[in-house]
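Asks: for reference, the sequence and a predicted model appear below.
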There are 2 protein chains.
Amino acid sequence: MNTTKNIKRTKKVDVPEPTLKRMPTYTMHLKALLQQGVVNISAPAISEELHFDPTQIVKDFAFTGVKGKPKVGYSVVELIHSIEKYLGVDKKNEAFLIGAGKLGQAILSYHALQGFGINIIAAFDVDKSKVDTQYGNIQILHFDKLGELAKRLGVGIGILTVPGSAAQEAAEAMVKSGITAIWNLTPAKLRLSSNIIVQDTAMYSDVAVLLHKLNS
Amino acid sequence: MNTTKNIKRTKKVDVPEPTLKRMPTYTMHLKALLQQGVVNISAPAISEELHFDPTQIVKDFAFTGVKGKPKVGYSVVELIHSIEKYLGVDKKNEAFLIGAGKLGQAILSYHALQGFGINIIAAFDVDKSKVDTQYGNIQILHFDKLGELAKRLGVGIGILTVPGSAAQEAAEAMVKSGITAIWNLTPAKLRLSSNIIVQDTAMYSDVAVLLHKLNS
DNA sequence: TAGATTGTTAATCGATTAACAATC
DNA sequence: TAGATTGTTAATCGATTAACAATC
(Lines give C-alpha, C1' and ligand atoms only; values in the text may rest on other atoms or scores of the structure.)
Protein backbone atom coordinates (compact mmCIF):
# COMPACT_ATOMS: atom_id res chain seq x y z
CA MET A 1 0.00 0.00 0.00
CA ASN A 2 1.49 3.26 -1.15
CA THR A 3 0.89 6.03 1.35
CA THR A 4 2.14 8.77 -0.94
CA LYS A 5 -0.41 7.77 -3.54
CA ASN A 6 -3.16 7.73 -0.95
CA ILE A 7 -2.35 11.25 0.08
CA LYS A 8 -2.40 12.41 -3.52
CA ARG A 9 -5.73 10.68 -4.10
CA THR A 10 -7.44 13.42 -2.14
CA LYS A 11 -7.90 15.48 -5.27
CA LYS A 12 -6.47 18.90 -4.53
CA VAL A 13 -9.34 21.26 -5.34
CA ASP A 14 -8.24 23.43 -2.47
CA VAL A 15 -9.41 27.00 -2.15
CA PRO A 16 -6.79 29.70 -2.45
CA GLU A 17 -6.21 31.29 0.93
CA PRO A 18 -6.76 34.80 -0.49
CA THR A 19 -10.24 33.66 -1.56
CA LEU A 20 -10.94 32.47 1.97
CA LYS A 21 -9.81 35.78 3.39
CA ARG A 22 -12.16 37.70 1.14
CA MET A 23 -15.18 35.64 2.17
CA PRO A 24 -16.03 37.53 5.38
CA THR A 25 -15.80 40.82 3.48
CA TYR A 26 -18.44 39.47 1.12
CA THR A 27 -20.83 38.38 3.86
CA MET A 28 -20.51 41.70 5.67
CA HIS A 29 -21.22 43.64 2.51
CA LEU A 30 -24.05 41.32 1.47
CA LYS A 31 -25.71 41.62 4.86
CA ALA A 32 -25.67 45.39 4.51
CA LEU A 33 -27.28 45.03 1.07
CA LEU A 34 -29.89 42.69 2.51
CA GLN A 35 -30.85 45.29 5.08
CA GLN A 36 -31.22 47.82 2.29
CA GLY A 37 -33.71 45.43 0.70
CA VAL A 38 -31.50 44.43 -2.23
CA VAL A 39 -32.66 41.05 -3.59
CA ASN A 40 -30.18 40.29 -6.37
CA ILE A 41 -26.63 41.49 -6.90
CA SER A 42 -24.14 41.00 -9.73
CA ALA A 43 -20.38 40.54 -9.47
CA PRO A 44 -19.69 43.81 -11.35
CA ALA A 45 -21.92 45.67 -8.90
CA ILE A 46 -20.04 44.22 -5.92
CA SER A 47 -16.78 45.02 -7.66
CA GLU A 48 -17.83 48.66 -7.79
CA GLU A 49 -18.16 48.71 -4.01
CA LEU A 50 -15.33 46.47 -2.78
CA HIS A 51 -12.83 47.09 -5.57
CA PHE A 52 -12.20 43.41 -6.18
CA ASP A 53 -11.94 42.20 -9.77
CA PRO A 54 -15.40 41.03 -10.96
CA THR A 55 -14.01 37.78 -12.41
CA GLN A 56 -12.35 37.10 -9.10
CA ILE A 57 -15.65 37.61 -7.33
CA VAL A 58 -17.40 35.16 -9.67
CA LYS A 59 -14.64 32.63 -9.07
CA ASP A 60 -14.72 33.11 -5.31
CA PHE A 61 -18.47 32.56 -5.24
CA ALA A 62 -18.12 29.44 -7.41
CA PHE A 63 -16.09 27.78 -4.64
CA THR A 64 -19.13 27.89 -2.37
CA GLY A 65 -21.27 26.14 -5.01
CA VAL A 66 -23.77 28.96 -5.37
CA LYS A 67 -25.36 29.50 -8.79
CA GLY A 68 -25.96 32.87 -10.40
CA LYS A 69 -28.17 33.87 -13.29
CA PRO A 70 -26.69 35.62 -16.33
CA LYS A 71 -27.90 39.20 -16.57
CA VAL A 72 -29.41 39.04 -13.07
CA GLY A 73 -26.58 38.08 -10.76
CA TYR A 74 -26.92 36.20 -7.48
CA SER A 75 -29.65 36.09 -4.86
CA VAL A 76 -28.27 38.03 -1.89
CA VAL A 77 -29.85 35.65 0.63
CA GLU A 78 -28.60 32.56 -1.19
CA LEU A 79 -25.11 34.02 -1.41
CA ILE A 80 -24.93 34.76 2.29
CA HIS A 81 -26.15 31.26 3.16
CA SER A 82 -23.81 29.64 0.68
CA ILE A 83 -20.71 31.48 1.88
CA GLU A 84 -21.53 30.99 5.55
CA LYS A 85 -22.11 27.30 5.03
CA TYR A 86 -18.86 27.05 3.13
CA LEU A 87 -16.95 28.78 5.92
CA GLY A 88 -18.58 26.61 8.57
CA VAL A 89 -20.27 29.53 10.30
CA ASP A 90 -23.29 27.32 10.90
CA LYS A 91 -21.20 24.78 12.82
CA LYS A 92 -20.73 25.03 16.56
CA ASN A 93 -17.03 26.00 16.58
CA GLU A 94 -16.78 26.43 20.32
CA ALA A 95 -13.65 28.18 21.50
CA PHE A 96 -11.77 29.04 24.66
CA LEU A 97 -9.96 32.33 25.05
CA ILE A 98 -6.61 32.13 26.82
CA GLY A 99 -5.45 35.39 28.37
CA ALA A 100 -8.08 37.86 29.56
CA GLY A 101 -5.95 41.02 29.30
CA LYS A 102 -6.86 44.04 27.21
CA LEU A 103 -6.59 42.24 23.89
CA GLY A 104 -8.48 39.25 25.24
CA GLN A 105 -11.21 41.53 26.55
CA ALA A 106 -11.36 43.28 23.19
CA ILE A 107 -11.96 39.94 21.50
CA LEU A 108 -14.52 38.95 24.14
CA SER A 109 -16.45 42.17 23.64
CA TYR A 110 -16.33 41.89 19.85
CA HIS A 111 -19.64 40.14 19.53
CA ALA A 112 -19.54 40.20 15.74
CA LEU A 113 -17.09 37.29 15.95
CA GLN A 114 -20.05 34.99 16.49
CA GLY A 115 -21.27 36.08 13.08
CA PHE A 116 -18.00 34.79 11.65
CA GLY A 117 -18.54 31.40 13.23
CA ILE A 118 -16.58 31.38 16.47
CA ASN A 119 -18.39 30.88 19.73
CA ILE A 120 -16.35 31.74 22.81
CA ILE A 121 -17.68 29.78 25.76
CA ALA A 122 -15.10 30.52 28.46
CA ALA A 123 -11.95 32.51 29.11
CA PHE A 124 -8.86 31.60 31.12
CA ASP A 125 -6.22 33.60 32.92
CA VAL A 126 -3.69 33.20 35.72
CA ASP A 127 -4.34 36.63 37.24
CA LYS A 128 -6.21 35.99 40.52
CA SER A 129 -7.98 39.35 40.32
CA LYS A 130 -9.59 38.25 37.07
CA VAL A 131 -10.29 34.61 37.86
CA ASP A 132 -13.90 33.76 38.72
CA THR A 133 -15.21 37.06 37.45
CA GLN A 134 -17.47 37.48 34.44
CA TYR A 135 -16.67 39.46 31.35
CA GLY A 136 -19.85 40.20 29.46
CA ASN A 137 -21.57 36.87 29.90
CA ILE A 138 -18.35 34.88 29.71
CA GLN A 139 -16.79 33.39 32.81
CA ILE A 140 -13.07 33.83 33.40
CA LEU A 141 -11.57 30.70 34.96
CA HIS A 142 -8.14 29.84 36.23
CA PHE A 143 -5.78 28.57 33.57
CA ASP A 144 -5.28 25.38 35.60
CA LYS A 145 -8.82 24.33 34.77
CA LEU A 146 -8.29 24.51 31.02
CA GLY A 147 -7.30 20.87 30.55
CA GLU A 148 -10.21 19.38 32.44
CA LEU A 149 -12.80 21.68 30.87
CA ALA A 150 -11.50 21.38 27.33
CA LYS A 151 -11.68 17.62 27.54
CA ARG A 152 -15.07 17.56 29.23
CA LEU A 153 -16.67 19.97 26.78
CA GLY A 154 -14.71 18.78 23.78
CA VAL A 155 -13.57 22.26 22.86
CA GLY A 156 -11.01 22.21 20.07
CA ILE A 157 -10.34 25.88 19.33
CA GLY A 158 -8.18 28.19 21.43
CA ILE A 159 -7.77 31.93 21.02
CA LEU A 160 -4.38 32.93 22.34
CA THR A 161 -4.19 36.47 23.76
CA VAL A 162 -1.56 36.13 26.49
CA PRO A 163 1.61 38.27 26.52
CA GLY A 164 4.11 37.17 23.88
CA SER A 165 6.52 35.92 26.54
CA ALA A 166 3.94 33.43 27.84
CA ALA A 167 2.64 32.35 24.46
CA GLN A 168 4.72 29.23 23.78
CA GLU A 169 4.10 27.73 27.21
CA ALA A 170 0.38 28.50 27.10
CA ALA A 171 0.09 27.04 23.61
CA GLU A 172 1.76 23.82 24.70
CA ALA A 173 -0.66 23.49 27.59
CA MET A 174 -3.55 24.11 25.19
CA VAL A 175 -2.37 21.31 22.92
CA LYS A 176 -2.06 18.97 25.90
CA SER A 177 -5.65 19.84 26.76
CA GLY A 178 -6.80 18.57 23.39
CA ILE A 179 -7.02 21.87 21.55
CA THR A 180 -6.21 21.33 17.89
CA ALA A 181 -6.67 24.79 16.39
CA ILE A 182 -5.09 27.96 17.74
CA TRP A 183 -5.81 31.53 16.67
CA ASN A 184 -2.60 33.21 17.72
CA LEU A 185 -2.88 36.94 18.36
CA THR A 186 0.49 37.18 20.12
CA PRO A 187 3.71 38.24 18.37
CA ALA A 188 5.27 34.88 19.25
CA LYS A 189 6.11 32.32 16.59
CA LEU A 190 4.65 29.12 18.04
CA ARG A 191 6.56 25.86 17.67
CA LEU A 192 4.03 23.07 17.93
CA SER A 193 3.38 19.63 16.51
CA SER A 194 2.61 19.89 12.80
CA ASN A 195 -0.89 18.43 13.19
CA ILE A 196 -1.96 21.48 15.18
CA ILE A 197 -3.61 24.21 13.12
CA VAL A 198 -2.14 27.61 13.93
CA GLN A 199 -3.48 30.82 12.43
CA ASP A 200 -1.45 33.92 13.20
CA THR A 201 -2.86 37.43 13.27
CA ALA A 202 0.40 39.31 13.02
CA MET A 203 -0.38 42.95 13.65
CA TYR A 204 3.27 43.99 13.52
CA SER A 205 3.45 42.74 9.93
CA ASP A 206 0.76 45.18 8.96
CA VAL A 207 2.62 47.96 10.75
CA ALA A 208 5.71 47.15 8.71
CA VAL A 209 3.73 47.39 5.46
CA LEU A 210 2.12 50.66 6.52
CA LEU A 211 5.39 52.32 7.48
CA HIS A 212 7.11 51.18 4.32
CA LYS A 213 4.34 52.57 2.14
CA LEU A 214 4.48 55.83 4.08
CA ASN A 215 8.25 56.22 4.02
CA SER A 216 8.77 55.46 0.35
CA MET B 1 6.19 66.09 -21.56
CA ASN B 2 4.79 62.62 -21.13
CA THR B 3 3.45 62.01 -17.66
CA THR B 4 3.01 58.29 -18.16
CA LYS B 5 6.67 57.96 -19.05
CA ASN B 6 7.68 59.95 -16.00
CA ILE B 7 5.76 57.63 -13.74
CA LYS B 8 7.36 54.60 -15.31
CA ARG B 9 10.80 56.15 -15.01
CA THR B 10 10.73 55.42 -11.26
CA LYS B 11 12.24 52.00 -11.87
CA LYS B 12 9.94 49.51 -10.21
CA VAL B 13 12.24 47.66 -7.82
CA ASP B 14 9.41 47.41 -5.36
CA VAL B 15 9.56 44.95 -2.49
CA PRO B 16 7.02 42.17 -2.50
CA GLU B 17 4.50 42.71 0.29
CA PRO B 18 5.09 39.18 1.67
CA THR B 19 8.76 40.11 2.11
CA LEU B 20 7.76 43.20 4.04
CA LYS B 21 5.48 41.17 6.27
CA ARG B 22 8.28 38.76 7.12
CA MET B 23 10.66 41.53 8.15
CA PRO B 24 9.40 42.01 11.73
CA THR B 25 9.59 38.25 12.28
CA TYR B 26 13.26 38.44 11.35
CA THR B 27 14.06 41.32 13.70
CA MET B 28 12.27 39.63 16.58
CA HIS B 29 14.15 36.41 16.02
CA LEU B 30 17.47 38.18 15.50
CA LYS B 31 17.07 40.17 18.68
CA ALA B 32 16.54 36.94 20.58
CA LEU B 33 19.71 35.55 19.01
CA LEU B 34 21.60 38.71 19.93
CA GLN B 35 20.62 38.27 23.55
CA GLN B 36 21.91 34.71 23.40
CA GLY B 37 25.23 36.14 22.27
CA VAL B 38 25.06 34.89 18.70
CA VAL B 39 27.34 37.03 16.49
CA ASN B 40 26.81 35.61 13.00
CA ILE B 41 23.88 33.72 11.53
CA SER B 42 23.31 32.04 8.17
CA ALA B 43 20.11 31.89 6.15
CA PRO B 44 19.92 28.08 6.45
CA ALA B 45 20.18 28.37 10.24
CA ILE B 46 17.35 30.91 10.36
CA SER B 47 15.35 28.69 8.02
CA GLU B 48 15.65 25.89 10.56
CA GLU B 49 13.99 28.07 13.19
CA LEU B 50 11.40 30.06 11.26
CA HIS B 51 10.61 27.53 8.54
CA PHE B 52 11.03 30.01 5.73
CA ASP B 53 12.87 28.88 2.61
CA PRO B 54 16.58 29.74 2.93
CA THR B 55 16.74 31.28 -0.57
CA GLN B 56 13.77 33.42 0.32
CA ILE B 57 15.55 34.62 3.44
CA VAL B 58 18.65 35.55 1.43
CA LYS B 59 16.47 37.43 -1.05
CA ASP B 60 14.54 39.20 1.69
CA PHE B 61 17.76 40.36 3.31
CA ALA B 62 19.13 41.56 -0.03
CA PHE B 63 16.29 44.09 -0.24
CA THR B 64 17.67 45.85 2.82
CA GLY B 65 21.12 46.12 1.24
CA VAL B 66 22.92 44.12 3.91
CA LYS B 67 25.90 42.01 2.83
CA GLY B 68 26.63 38.49 4.03
CA LYS B 69 29.78 36.44 3.89
CA PRO B 70 29.80 33.03 2.18
CA LYS B 71 30.29 30.24 4.68
CA VAL B 72 29.80 32.64 7.60
CA GLY B 73 26.40 34.23 7.09
CA TYR B 74 25.37 37.67 8.28
CA SER B 75 26.33 39.74 11.30
CA VAL B 76 23.31 39.64 13.61
CA VAL B 77 23.78 43.26 14.67
CA GLU B 78 24.21 44.48 11.10
CA LEU B 79 21.14 42.56 10.01
CA ILE B 80 18.95 44.06 12.71
CA HIS B 81 20.15 47.57 11.89
CA SER B 82 19.74 47.04 8.18
CA ILE B 83 16.20 45.69 8.43
CA GLU B 84 15.10 48.32 10.91
CA LYS B 85 16.51 51.08 8.77
CA TYR B 86 14.79 49.61 5.74
CA LEU B 87 11.45 49.48 7.56
CA GLY B 88 11.87 53.02 8.84
CA VAL B 89 11.87 51.98 12.49
CA ASP B 90 14.51 54.63 13.15
CA LYS B 91 12.22 57.38 11.85
CA LYS B 92 9.89 59.22 14.15
CA ASN B 93 6.60 57.82 12.82
CA GLU B 94 4.39 59.57 15.34
CA ALA B 95 0.85 58.29 15.50
CA PHE B 96 -2.50 59.07 17.07
CA LEU B 97 -4.79 56.35 18.26
CA ILE B 98 -8.48 56.93 17.58
CA GLY B 99 -10.83 54.99 19.83
CA ALA B 100 -9.68 54.15 23.35
CA GLY B 101 -11.90 51.12 23.91
CA LYS B 102 -10.60 47.67 24.80
CA LEU B 103 -8.82 47.15 21.49
CA GLY B 104 -7.38 50.66 21.59
CA GLN B 105 -6.15 50.07 25.12
CA ALA B 106 -4.63 46.77 24.06
CA ILE B 107 -2.66 48.59 21.38
CA LEU B 108 -1.68 51.33 23.79
CA SER B 109 -0.37 48.83 26.31
CA TYR B 110 1.51 46.85 23.66
CA HIS B 111 4.76 48.66 24.13
CA ALA B 112 6.58 46.40 21.68
CA LEU B 113 4.95 48.43 18.92
CA GLN B 114 7.56 51.10 19.46
CA GLY B 115 10.13 48.49 18.53
CA PHE B 116 8.34 48.13 15.19
CA GLY B 117 8.60 51.83 14.55
CA ILE B 118 5.30 53.35 15.59
CA ASN B 119 5.25 55.94 18.33
CA ILE B 120 1.81 56.67 19.75
CA ILE B 121 1.79 60.17 21.20
CA ALA B 122 -1.89 60.66 22.03
CA ALA B 123 -5.23 58.88 21.99
CA PHE B 124 -8.68 60.22 21.19
CA ASP B 125 -12.19 59.18 22.14
CA VAL B 126 -15.67 60.65 22.41
CA ASP B 127 -16.50 58.91 25.69
CA LYS B 128 -16.48 61.62 28.38
CA SER B 129 -15.48 59.13 31.08
CA LYS B 130 -12.27 58.44 29.17
CA VAL B 131 -11.45 61.94 27.95
CA ASP B 132 -8.69 63.73 29.86
CA THR B 133 -7.52 60.60 31.61
CA GLN B 134 -4.18 58.94 31.06
CA TYR B 135 -3.63 55.45 29.82
CA GLY B 136 -0.13 54.34 30.65
CA ASN B 137 1.68 57.57 29.88
CA ILE B 138 -0.57 58.47 26.99
CA GLN B 139 -3.19 61.16 27.33
CA ILE B 140 -6.71 60.49 26.07
CA LEU B 141 -8.20 63.61 24.51
CA HIS B 142 -11.59 64.44 23.09
CA PHE B 143 -11.98 63.50 19.46
CA ASP B 144 -12.88 67.13 18.68
CA LYS B 145 -9.29 68.13 19.34
CA LEU B 146 -7.86 65.74 16.77
CA GLY B 147 -7.82 68.22 13.88
CA GLU B 148 -6.06 71.00 15.72
CA LEU B 149 -3.48 68.73 17.35
CA ALA B 150 -2.72 66.69 14.24
CA LYS B 151 -1.99 69.87 12.33
CA ARG B 152 0.00 71.48 15.11
CA LEU B 153 2.17 68.42 15.73
CA GLY B 154 2.26 67.30 12.11
CA VAL B 155 1.15 63.79 12.94
CA GLY B 156 0.41 61.77 9.81
CA ILE B 157 -0.43 58.29 11.10
CA GLY B 158 -3.72 57.27 12.67
CA ILE B 159 -4.52 53.97 14.34
CA LEU B 160 -8.23 53.32 14.02
CA THR B 161 -9.74 51.28 16.86
CA VAL B 162 -13.28 52.65 17.08
CA PRO B 163 -16.35 50.40 16.72
CA GLY B 164 -16.91 49.31 13.12
CA SER B 165 -20.07 51.40 12.88
CA ALA B 166 -18.13 54.60 13.60
CA ALA B 167 -15.11 53.75 11.47
CA GLN B 168 -15.97 55.49 8.19
CA GLU B 169 -16.93 58.76 9.85
CA ALA B 170 -13.88 58.76 12.12
CA ALA B 171 -11.59 57.97 9.19
CA GLU B 172 -12.97 60.88 7.19
CA ALA B 173 -12.35 63.22 10.11
CA MET B 174 -8.82 61.88 10.39
CA VAL B 175 -8.15 62.59 6.73
CA LYS B 176 -9.51 66.12 7.14
CA SER B 177 -7.08 66.56 10.02
CA GLY B 178 -4.18 65.85 7.71
CA ILE B 179 -3.63 62.20 8.53
CA THR B 180 -2.35 60.38 5.45
CA ALA B 181 -1.83 56.83 6.70
CA ILE B 182 -4.40 54.78 8.59
CA TRP B 183 -3.89 51.47 10.32
CA ASN B 184 -7.43 50.14 10.32
CA LEU B 185 -8.18 47.58 13.01
CA THR B 186 -11.94 47.79 12.55
CA PRO B 187 -13.96 45.37 10.40
CA ALA B 188 -15.13 48.26 8.24
CA LYS B 189 -14.04 48.65 4.64
CA LEU B 190 -12.97 52.29 4.49
CA ARG B 191 -13.81 54.35 1.42
CA LEU B 192 -11.31 57.19 1.26
CA SER B 193 -9.43 59.25 -1.29
CA SER B 194 -6.93 57.05 -3.11
CA ASN B 195 -3.93 59.06 -1.93
CA ILE B 196 -4.57 57.95 1.65
CA ILE B 197 -2.63 54.87 2.73
CA VAL B 198 -4.88 52.36 4.45
CA GLN B 199 -3.57 49.18 6.01
CA ASP B 200 -6.22 46.76 7.24
CA THR B 201 -5.68 44.25 10.00
CA ALA B 202 -8.64 42.03 9.26
CA MET B 203 -8.94 39.62 12.14
CA TYR B 204 -12.14 38.06 10.81
CA SER B 205 -10.24 36.97 7.68
CA ASP B 206 -7.92 34.92 9.84
CA VAL B 207 -10.89 33.40 11.62
CA ALA B 208 -12.30 32.34 8.25
CA VAL B 209 -9.03 30.64 7.33
CA LEU B 210 -8.78 28.90 10.70
CA LEU B 211 -12.32 27.55 10.61
CA HIS B 212 -11.95 26.35 7.05
CA LYS B 213 -8.76 24.47 7.86
CA LEU B 214 -10.44 22.96 10.91
CA ASN B 215 -13.66 21.94 9.17
CA SER B 216 -12.08 20.35 6.11
C1' DT C 1 -33.69 39.42 -30.15
C1' DA C 2 -29.99 42.05 -27.92
C1' DG C 3 -27.18 42.54 -24.23
C1' DA C 4 -25.48 41.90 -19.68
C1' DT C 5 -23.54 38.62 -16.74
C1' DT C 6 -22.23 33.98 -15.48
C1' DG C 7 -18.98 30.31 -15.83
C1' DT C 8 -14.77 28.50 -17.58
C1' DT C 9 -10.54 28.24 -20.07
C1' DA C 10 -6.31 30.73 -21.35
C1' DA C 11 -2.79 34.38 -20.53
C1' DT C 12 -0.42 37.11 -17.41
C1' DC C 13 1.70 38.40 -13.42
C1' DG C 14 4.19 37.90 -9.21
C1' DA C 15 6.16 35.19 -5.58
C1' DT C 16 8.42 31.03 -4.26
C1' DT C 17 11.63 27.57 -5.05
C1' DA C 18 15.43 25.45 -7.60
C1' DA C 19 19.87 25.69 -9.87
C1' DC C 20 24.31 27.25 -10.01
C1' DA C 21 28.21 30.26 -10.25
C1' DA C 22 30.98 33.29 -7.17
C1' DT C 23 33.46 33.59 -2.94
C1' DC C 24 35.02 33.56 1.62
C1' DT D 1 42.06 23.41 -1.02
C1' DA D 2 37.37 21.90 0.05
C1' DG D 3 33.02 23.07 1.27
C1' DA D 4 29.37 25.86 2.98
C1' DT D 5 26.82 29.83 2.01
C1' DT D 6 25.88 34.05 -0.51
C1' DG D 7 23.98 36.20 -4.50
C1' DT D 8 21.65 35.89 -8.79
C1' DT D 9 19.41 33.88 -12.71
C1' DA D 10 16.06 30.42 -14.25
C1' DA D 11 12.06 27.33 -13.44
C1' DT D 12 7.97 26.51 -11.12
C1' DC D 13 3.91 27.39 -8.89
C1' DG D 14 -0.22 29.74 -7.75
C1' DA D 15 -3.26 33.66 -7.97
C1' DT D 16 -5.11 37.34 -10.66
C1' DT D 17 -6.78 39.07 -14.79
C1' DA D 18 -8.28 38.62 -19.60
C1' DA D 19 -10.92 36.36 -23.17
C1' DC D 20 -14.86 34.27 -24.65
C1' DA D 21 -18.54 31.01 -25.07
C1' DA D 22 -22.97 29.85 -22.79
C1' DT D 23 -27.30 31.58 -21.19
C1' DC D 24 -30.92 33.98 -19.06
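Replies: Received it, and whenever you're ready, just let me know what you need.
Asks: residues from chain A in reach of DNA strand C?
Replies: Within chain A, the positions near DNA strand C by Cβ under 7 Å from any atom of the strand are A:42-45, A:54-55, A:58-59, A:61-62, A:66-74. Quick note: C-beta positions are derived from backbone N, CA and C, even for glycine.
Asks: buried ones among those residues?
Replies: A:42-43, A:45, A:58, A:61, A:66, A:68, A:73-74 (16 or more other Cβ atoms under 10 Å in any protein chain shown).
Asks: mind putting those into CSV with distance to residue B:120 and pLDDT?
Replies: Rendered in CSV, the data for those read as follows (distance: Cβ to Cβ, whole Å; pLDDT from 0 to 100):
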residue, distance to residue B:120, pLDDT
A:42, 43, 98
A:43, 40, 98
A:45, 39, 98
A:58, 42, 98
A:61, 40, 98
A:66, 43, 98
A:68, 46, 98
A:73, 44, 98
A:74, 43, 98
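Asks: what separates the lengthiest strand in chain A from the chain centre, distance-wise?
Replies: Longest strand of chain A, by residue count under DSSP state E: strand A:119-125. Computed by Cα atoms, centre = their mean, to the nearest Å, the chain-centroid distance of strand A:119-125 equals 15 Å.
Asks: quick one: low-confidence ranges for chain A?
Replies: Counting by pLDDT under 70, chain A shows low-confidence ranges at A:1-13.
Asks: could you list the domains of it?
Replies: A:17-87, A:94-206 (automatic domain parsing).
Asks: what's the end-to-end length of the shortest one?
Replies: Going back to what we said before, that points to domain A:17-87. 12 Å (Cα to Cα, to the nearest Å).
Asks: and for the longest one?
Replies: The first and last residues of domain A:94-206 sit 28 Å apart, counting by Cα to Cα.
Asks: that one and chain B, any residue contact?
Replies: Yes - Domain A:94-206 comes into contact with chain B (Cβ under 8 Å from any Cβ of the partner chain), by way of A:101-103, A:105-106, A:109-110, A:112-113, A:116-118, A:156-157, A:164, A:180-181, A:183, A:185, A:187, A:189, A:197, A:199-206.
Asks: just say helix, strand or coil for residue A:106.
Replies: helix (DSSP: H, G, I helix; E, B strand; the rest coil).
Asks: for residue A:205, which non-adjacent residue is closest in space?
Replies: residue B:21 (3.9 Å; Cβ to Cβ, 6 or more residues apart in numbering or on different chains).
Asks: let me see the ranges of the helices in chain A.
Replies: A:3-9, A:17-35, A:43-50, A:54-64, A:76-87, A:102-109, A:112-115, A:146-153, A:164-176, A:203-214 (DSSP state H).
Asks: to residue B:135, which of those lies closest?
Replies: Across the helices of chain A, residue B:135 has its closest neighbour in helix A:102-109 (9.8 Å, Cβ to Cβ).
Asks: how much space between residue A:205 and residue B:37?
Replies: 28 Å (Cβ to Cβ, to the nearest Å).
Asks: who's more crowded, those two?
Replies: Legend: neighbour count by other Cβ atoms under 10 Å in any protein chain shown for residue A:205 and residue B:37, higher for residue A:205 (22 against 7).
Asks: so which residues on chain A come close to DNA strand D?
Replies: Counting by Cβ under 7 Å from any atom of the strand, chain A sits next to DNA strand D at A:16-19, A:52-53, A:55-56, A:59, A:69-72.
Asks: check contacts around the closest residue to residue A:213 other than its chain neighbours.
Replies: What sits nearest to residue A:213 in space, not counting adjacent residues and going by Cβ to Cβ, 6+ apart, is residue B:197, at 4.9 Å. Contact partners of residue B:197, counting by Cβ atoms under 8 Å, 6 or more residues apart in numbering or on different chains, are A:210, A:213-214, B:180-182.
Asks: so among these, which ones count as buried?
Replies: A:210, A:214, B:181-182.
Asks: just give me the closest of those to residue A:89.
Replies: residue B:182 (28.4 Å).
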